[in-house]
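# the sequence and its predicted three-dimensional model are supplied below.
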Amino acid sequence: MQSNRGAFGAKEEESSIDLTPMLDVVFIMLIFFIVTASFIKEAGIEVARPLATTLDKIPDANILIAISATDEIWIDKNRVEPKFVKASIEKLHAENPKGSIVIQADERSTNEMLTVVMEAAKQAGVKNVAISTDEV
């Protein structure tokens, strides 16, 4: 019967796979995907959007503005008074001048508040403004 001893009389070490480099690579990939992922932006409230039979999809809207059923305006998860909408849009538009605006108006909101937001966007110099709807 042969023993498990090497030339010097000590037990030979069992070979094993070192997982540390693989874990490092997985961790770096996780960080990469988290940093580069495109997160869904929300305006701050849930809006019941009206239905539309025709629609054009906008790939990346940078500024989302929501108008609630009670005519509250929400920009970037913050409630904004109508007189400060233009300033908020100007600030967000300055961060990304090529960005577009999508207005999510609740179907029970008034046209007056929608007009206020659209006028503020126009005065802020934003050319690409869209109104979000649900597909029929």
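Looks like it arrived, so ask away.
# all contacts plus neighbour counts: C-alpha atoms, from now on.
Will do.
# show the subsequent helix or strand relative to the lowest-mean-pLDDT helix or strand in the chain.
Every helix and strand in the chain was compared by mean pLDDT, DSSP states H and E; the lowest is strand 51-52, with a mean of 56. On the C-terminal side of strand 51-52, the nearest following helix or strand under DSSP states H and E is strand 63-67.
# for the longest helix anywhere in the chain, the distance to its chain's centre please.
Longest helix in the chain by number of residues (criterion: DSSP state H): helix 20-36. A distance of 22 Å separates the centroid of the chain from that of helix 20-36, by C-alpha atoms, centre = their mean, to the nearest Å.
# which SS class is Asp71?
coil (DSSP: H, G, I helix; E, B strand; the rest coil).
# what count of nearby residues applies to the residue nearest to it when sequence neighbours are not counted?
Spatially, and ignoring its direct neighbours in sequence, Asp71 is nearest to Ser109 (5.4 Å; C-alpha to C-alpha, 6 or more residues apart in numbering). Per other C-alpha atoms under 10 Å, the neighbour tally for Ser109 reads 18.
# same deal with Asn62?
Residues contacting Asn62 under the criterion other C-alpha under 10 Å number 17.
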